[in-house]
Each structure stands twice: as structure tokens, then as C-alpha cells.
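[1] no sequence for this one, just the structure:
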């Protein structure tokens, strides 16, 4: 089914730009004999000016499509995408792009209006009394921003001062007092049209600064406030929630030395990793101490490389700490078994290799309970058994809780 003509032309134009969203696809279009699918639309490539000879060929404005070829009306040619009559078109008189300006096009030549003069180039007719590109004579160009009045070039009231190539104002920041004298300092002004300066502020090198309020030049040039501070009455003031200026990078920053882990109590006092700063004092979390340099750790020693002891499970819900990564059952050790027992109960009687479970097992008896950890080459290595019914030290069995 053919689409309405308006929609068909829109989609054809979209097809030429590649923007086919909303238009049917070619492979879904069944066209009548003599027509071709273009962007999902059926067109006659022999007569359609939007697809003349091929889907991608758009005829110029005013042209028609005849036998698959674009053709302007008799006596016209294509100029800038449109069919024009070079004998009568004032914008393309005798040749594409040749404008008459203040004139009309007669048989391919420009006839200037009364008061206009012929000049070479485009446009061909100019008012020598007012044309800034032909002022007083053909080719006489006024300064940029200039005006042509009565056949003479001059500068307008808004830009009254002439410079070699343009009109300007000596009150401006780009030409203060003279051509090319630019005021480049931040905040500068052209004072009285004579010189660049800082109006009511201080010249701090390349910046005009109010030293009473400028955080970069507070009280004096190049006296920056700490990051987060404000300049009030020529003095740097840190906010109440971060009242202390401390060194930071190449400058300073406002901090609260009661809570800042990098400046705890005093500037530069860095708390250990994992610690917090409370009331100006560094504190490790409960159960941890600064075992290693600048590091809060649980356990009882610092491992090589200033590392905390990794956490291990004793299989009964408690943790112990050892300078070894969690290991497989055959890698369990006597030291680890003792630490696992201590994590369960620090007191009580220790059966070190004397339980019925064999030498590579450690038992710990406390009251009416006994737990056994087997390690190393024991066939039950890596397993633990807790007897909570009596003081008998029962041996682990396969399926017992694991420890590492």
C-alpha cells in the first residue's frame, strides 16, 4: 500500500540523509511494477525529484526529474542547489554568485539603481556614499567597525578611536588609552581612558585583589588562606567545625584536630591504619592494638612486612590469629592447635599429644567439657570435637567441624 504523498516525501528526504527512523524498511516494501523501494517507500526513479535515477539523488530546487535525470526549466541552471535564470536573477546575474546588490539583472548584466555605482566584484552595484566596502570609490574599504558617511570613512560614537585596522574605544579593556594596550590582569579596569589599573583594590601581580576578602590574597598579596577558610576583615578564618589550619600539600587546610585521623590532637599526628581520632586521641577498635607500625591489629604479634596476623577459625565459633594464611588440614600445626584451644578457653587442663586421639592432637579440658584439635599428619587433621556432656576428650570424626 502506498503511503500518503506528504509522508512519502518526508521519508524520501530522510532517506537521503540516512535518518530513516519511522520509515518502513526496503526489504519490507512490496512495490508495484515500475517503482523502487527507497527508505521503505515506493518511488518512480524516472520521475521523482526526491529520488531521480537513484534513491540517493535529490534534484535541485525547482528542477524536475525526466527519464531519471534532473532538469531545470528551459533557460535556467543550478546555482547553490536551486534552478535560477542567469539572465534575470539579481543574486546570480550572468554567473552563479554574481549579485547585483543595488540594482537589477537585465539580460545577464547588472543595471544599477539611481544613486548606485557599478563596481567590480559582487555585489556589482554599490552606494559609494554609504557602503563600507566601497566608500567614496570602488574598493575603498573602511576600518573594521567603521562607518561610511557622505562617501567618507569614519568611526562610530561607540568606537570613536581609529587604530590601524579597526575602530575602538580607548576606554575599553582591549585598547586602554592607546591601540593594543590591553588590560590583562584579573579584575583590572581602564582608568579614565588613560591606563590599566585596579579600581578600589590592590595590584597583586596579575590580579586585582580585595585583600580584606580575597582568600588568595588575605591581608597581603600572595597570602592564601587554608583550604576551607574564608578571608574576613583581612584575616583568614577557619569554620567552627574545622577550626585548625594544618599543612596540606603545598598549602594548608582547615581541620578539626579532635576528629581528624591525619591531624589528631596536633597537626601532622597521623593515626594508625584502622584507628579513629576521638577527642584528639587516636584509638584502635576494641580488641585491637597498634602491634605493627601505624597499623591496628588483633592478635599478639606483628608479622613480617609490617602485616597483621590473619584471622583463623578454631571451628567452635571463636577466632585466633597466626602469621600464616588460612591453610588446608595437612598444613595445620601444633602452634595453631594451641592458639585454637586458647581462643576457646584460656584456662583449664591441656592434653598436649596425650589424648586418645594420638600425638598430633591437642585437647583442652575445662570443667565438664573437653575439646580436641587434630593437626599435621593426623588422619583427622583439620577437625575438632567438643564434648559438652562430660570431661572425656572425644576424638574428632569425619564430618566434625573444621578449623584452620
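    Nice, thanks for sending it over. From a predicted model like this one, the values you see are computed outputs, not experimental measurements.
[2] count of residues packed around residue 273?
    15 (other C-beta atoms under 10 Å). Bear in mind the C-beta positions are built from the backbone N, C-alpha and C, glycine included.
[3] Identify the residues contacting it.
    Contacts for residue 273 (C-beta atoms under 8 Å, 6 or more residues apart in numbering) come out as 294-296.
[4] ok, residue 232 - contacts?
    Going by C-beta under 8 Å, 6+ apart, residue 232 touches residue 213.
[5] Could you double-check that residue 90 lies in contact with residue 108?
    No: in this structure, residue 90 is not within contact of residue 108 by C-beta atoms under 8 Å, at 11.5 Å.
[6] Those two: which has the busier surroundings?
    residue 90 (19 against 15).
[7] ok, the more buried one - contacts?
    Residue 90 touches 99-100, 103-105, 110, counting by C-beta under 8 Å, 6+ apart.
[8] and with 6 Å instead?
    100, 104-105 (C-beta atoms under 6 Å, 6 or more residues apart in numbering).
[9] Adding distance to residue 235, write those out as CSV.
    Listed next are those as CSV, based on distance: C-beta to C-beta, whole Å:
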residue, distance to residue 235
100, 72
104, 76
105, 76
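[10] And those residues, which of them are buried?
    100, 105 (16 or more other C-beta atoms under 10 Å).
[11] how deep is residue 160 tucked in, by neighbour count?
    13.
[12] What is the burial count for residue 209?
    25.
[13] Nearest residue to it in space, ignoring adjacent ones along the chain?
    residue 217 (3.9 Å; C-beta to C-beta, 6 or more residues apart in numbering).
[14] ok, so what distance separates the one you found from residue 223?
    According to C-beta to C-beta, to the nearest Å, residue 217 stands 6 Å off from residue 223.
[15] More neighbours: which of the two?
    residue 217 (24 against 17).
[16] Next, that one: phi, psi?
    phi -140, psi 70 (degrees, to the nearest 10).
[17] how much space between it and residue 248?
    19 Å.
[18] for residue 337, helix, strand, or coil?
    helix (DSSP: H, G, I helix; E, B strand; the rest coil).
[19] Look up which residues are beta-bridged to the most centrally placed residue in the chain.
    Geometric centre of the chain, nearest residue: residue 227, 23.3 Å, by C-alpha atoms, centre = their mean. Using DSSP bridges, the beta-bridge partners of residue 227 come out as residue 253.
[20] Residue 112 too?
    Assigned bridge partners for residue 112, using DSSP bridges, are residue 103.
[21] ok, it - how many residues close by?
    19.
[22] ok, it - contacts?
    103, 118, 125.
[23] Need the pLDDT of the residue found closest to the second one once you drop the neighbours it is linked to in the chain.
    If the residues on either side of it in the chain are set aside, residue 118 comes closest to residue 112, at 5.5 Å by C-beta to C-beta, 6+ apart. The predicted local confidence for residue 112 comes out at a pLDDT of 96.
[24] do you know how far residue 112 is from residue 245?
    77 Å.
[25] same question, residue 373
    56 Å.
[26] of the two, who's got more company?
    More crowded of residue 373 and residue 245, by other C-beta under 10 Å: residue 373, with 33 against 21.
[27] now, which of the contacts of residue 90 sits nearest residue 349?
    Closest approach to residue 349 among the contacts of residue 90 (C-beta to C-beta): residue 100, at 119.0 Å.
[28] From what I see, the closest one and residue 110 are in contact.
    Yes: using C-beta atoms under 6 Å, residue 100 makes contact with residue 110 at a distance of 3.9 Å.
[29] in the stretch 1-150 of the chain, what spans have low per-residue confidence?
    Along the stretch 1-150 of the chain, the model assigns pLDDT under 70 to residues 1-28.
[30] would you list every one of the helices in it?
    5-17 (DSSP state H, counting those that start in this stretch).
[31] mind listing the strands for the stretch 251-400 of the chain?
    Assigned by DSSP state E, counting those that start in this stretch, the strands in the stretch 251-400 of the chain fall at 251-255, 276-278, 281-283, 289-292, 295-297, 302-303, 307-308, 311-313, 319-321, 349-352, 361-366, 369-374, 384-387.
[32] Next, format these as TSV and append mean pLDDT.
    Listed next are the strands of the stretch 251-400 of the chain as TSV, based on pLDDT from 0 to 100:
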stretch	mean pLDDT
strand 251-255	95
strand 276-278	97
strand 281-283	96
strand 289-292	92
strand 295-297	94
strand 302-303	94
strand 307-308	94
strand 311-313	97
strand 319-321	96
strand 349-352	95
strand 361-366	96
strand 369-374	96
strand 384-387	96
